[in-house]
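Undergrad: when you get a sec, could you give me coordinates for this:
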Amino acid sequence: MPTLSLEPAGLARLDKEWAAHVRAHAAEQHPIHTATLLPLERLAVAPRIPAAPLGLDDPAWEQAADAGPFFHEREEEGFAPGTEARLAFDETHLYVRFECAGAPGRTAFETHWYNADTVELFLDPAHDHRGYFQFAITAGGHRAAGRATRPLDSMRWENKRKAEAVPDEAWRGEVQITREGWRAQFAIPLELLGRAPGDRRPLGLNLGRGIRKDGWSYLLWNATGAGPHAPWGFGQLVLGECPAVHAEQIDLGELRLWQNRGTLWLRNLSGQTLGANLTVRVANGEHEEEAFFTGFSKVPLEAASERQRLDFAFPFNPEDYRWQHLHLDLRDEAGASLWSAAYRFGRGQGWLLQLDDRRDGPPCPSPAPGEIDFMRKKRAFIMRRLPRFVRLSTAQGAPSDFTLQAEDGSVAFNLMRPGELRRIAEFVYARFENDVDRLLGALFFVHQPAVMTYANRPSELAGSLGALSVLRMGCGQCCCFAAALCGVVERMPCEETGRTYRATRVCVPGHVTTVVEYRGKRVHLDPSLGRFYYLRDDRTLASMEDLLADPSLAARAGRHLDAFHRKAALNPEAPTYYPPERGVWPHGAPAE
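TA: Numbers count the residues shown, from 1 in each chain. From the prediction side, this is the model:
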């Protein structure tokens, strides 16, 4: 890996070694189950210039920094020649100039501007890897801009991009056709970005070029592995001087609602040993109304040019499944900012995190009814009775590519073996002493991320499958979690009646869960959110009817959970009940 040149002409230029590093790690940017190793982030530094460039030929552009070459669409192909971008800023604006070699293939369009040759500027002013601006100019001079959000979960499963237009008068741009190709200039007010000229915190940055000659290709300055609308994969832009530290990459690990471990890879660009401090902060609530965690660690950064690894820990609040905000702030010993970033998680921000709180530790007793913090203690009791599972394949010595094994080696389930659903049910039954705890045990078995991971796109297939096939796929929406739980509990006997349970799925506006017939009621279990519901006596599991009559019962299991039931209580057509499907996947596999 190269060290960035500190000379003005090469502040953000990355050489062939950078491209080789991106190629070598390209496969990591296209995972299925875990996508928290985020793409490498290039660094661009925009120098301050005394006045705005007066057009594309203004000599002021010679003072601007060349951002470096652009990647081909397939990042493993390395850099594409013929595209240059320069950046600079003054007291009021950020300026970007593109130089595009080759005559544009298409300057006009009929319906969509991106069907013409274009250049685009993407900026994430908060560096939160979620919200961003998109500015575009076509070779024919048409301008378009928008403010958008696209959550980090989009790189795993979904495309939850939301956007609104930015008016033309909010920014400036112009185009010039030349003998060698074409050029474009952007002038973006710093006020629009919410940034001051002296603010040294990084912005997220990407630059794109759409080429419509001889087909359709798209070049990106920072390879995202997921196209241009991927704010989690933008590079970084610093206004002013080259920063002393460049955070090149982050791995957020296996995210869950409790303890998490992350890794930052930092490069010391200062040429001397630095002492730094990292602050890790987690906040909850849509607008970060509640501080949940703050941690500090000292970070010695050697003068060596190689990148250095920094591990850090951060918990997410298990009581808030909707809003988790992670902030990282690296400062020198004098308190000056070296780098900062934010990352947004939770169901309200596109990434449904699953519970794993308090699984580690010694066994704990089942709480007595009425005990303080009964619901949390009950969850801890159930979860600690079950080992944490991992998925294994034949490449790791497992009997099939669909194998669940306890981390402690105590039990394994070959999901390609007939009768495995019943074996899972027997395993859960044997771990607990009464019917209620066994139902909750089945709930938390299915809720484990290794068993089922929340995902939208696979639900098109998983939603048509029977329970064992859903478990083989290991991912899906809430309806798929509900189907998997139905399959397990329907093969587990009820000690009180001597018969197996009857279960089905229930839909309320925006959510699907499981109900199980028990003691003449349809008790409500939520396997995707990992929640269960009691009446206020802490002895009786609540039914769907109980929750619709008193939605505040749901709030006892965690924040925001009563919202589903309040909506359902006002809807005369809710709830609706429907059984799981019976499809089999893969072809030839056992159905049960």
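Undergrad: isn't A88 up against I49?
TA: Yes. Applying CB atoms under 8 Å, one finds A88 in contact with I49, separated by 4.7 Å. C-beta here means a position set from N, CA and C on the backbone, and glycine is covered the same way.
Undergrad: of those two, who's got more company?
TA: Neighbour count, other CB atoms under 10 Å: between A88 and I49, A88 has more, with 22 against 18.
Undergrad: quick one, what contacts that one?
TA: 46-49, 53, 60-61, 63-65, 94-95 (CB atoms under 8 Å, 6 or more residues apart in numbering).
Undergrad: cutoff 7 Å now
TA: 46-47, 49, 63-64, 95 (CB atoms under 7 Å, 6 or more residues apart in numbering).
Undergrad: now, which of those residues sits nearest L553?
TA: Closest to L553 out of the contacts of A88 is A46 (54.9 Å), distances taken as CB to CB.
Undergrad: check contacts around the residue lying closest to W232 once chain neighbours are set aside.
TA: Distances taken as CB to CB, 6 or more residues apart in numbering place H129 nearest to W232, at 4.3 Å, with adjacent residues excluded. Applying CB under 7 Å, 6+ apart to H129 gives the contacts 152, 204, 231-232, 341, 343.
Undergrad: okay, H129 and F122: tell me how far apart.
TA: Here the distance between H129 and F122 works out to 12 Å (CB to CB, to the nearest Å).
Undergrad: likewise H142?
TA: Distance from H142 to F122, by CB to CB: 18 Å.
Undergrad: looking at these two, which is more packed in?
TA: Under the criterion of other CB under 10 Å, the comparison of H142 against F122 puts F122 first, with 25 against 17.
Undergrad: who's in contact with the more buried one?
TA: Contacts for F122 (CB under 7 Å, 6+ apart) come out as 132, 134, 205-206, 208, 228, 234.
Undergrad: leaving out sequence neighbours, find the closest residue to it.
TA: Nearest non-adjacent residue to F122 (CB to CB, 6+ apart): N206, at 4.1 Å.
Undergrad: secondary structure class for the one you found?
TA: At N206 the chain is in strand, as set by DSSP: H, G, I helix; E, B strand; the rest coil.
Undergrad: what number of residues lie near it?
TA: N206 has 27 nearby residues by other CB under 10 Å.
Undergrad: about what we covered before: just put the contacts of F122 in TSV and tack on pLDDT.
TA: Compiled in TSV, the contacts of F122 are given as follows (pLDDT from 0 to 100):
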residue	pLDDT
Y132	97
Q134	98
L205	98
N206	98
G208	98
P228	93
F234	96
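Undergrad: and which of these is nearest M416?
TA: P228 (40.3 Å).
Undergrad: what number of residues are in the vicinity of that closest one?
TA: P228: 23 surrounding residues under other CB under 10 Å.
Undergrad: bridge partners for the nearest residue to it once chain neighbours are set aside, pull those for me.
TA: Nearest non-adjacent residue to P228, counting by CB to CB, 6+ apart: G208, 4.8 Å away. For G208, the beta-bridge partners under DSSP bridges are E120, L220.
Undergrad: ok, now how distant is G208 from H72?
TA: Distance, G208 to H72, by CB to CB: 12 Å.
Undergrad: overlap of the contact sets of the two?
TA: With CB under 7 Å, 6+ apart as the test, G208 and H72 both reach L219.
Undergrad: which of the two has more residues huddled nearby?
TA: For G208 versus H72, the count of surrounding residues by other CB under 10 Å is larger for G208: 25 against 16.
Undergrad: picking that back up, which of the contacts of F122 sits closest to W221?
TA: Using CB to CB, these come closest to W221 at N206, 5.8 Å.
Undergrad: what residues are up against that closest one?
TA: 122, 220-222, 228, 234-235.
Undergrad: switch the cut-off to 8 Å
TA: 122, 220-222, 224, 228, 233-235.
Undergrad: what is the helix or strand hosting L468 packed up against?
TA: Counting by DSSP states H and E, the element that carries L468 is helix 467-473. Applying 3 or more CB pairs under 8 Å, 6 or more residues apart in numbering; DSSP states H and E, one finds that helix 467-473 makes contact with helix 420-431, helix 459-462, helix 478-489.
Undergrad: for G370, which of those helices is the nearest?
TA: Across the helices and strands packed on helix 467-473, G370 has its closest neighbour in helix 420-431 (24.9 Å, CB to CB).
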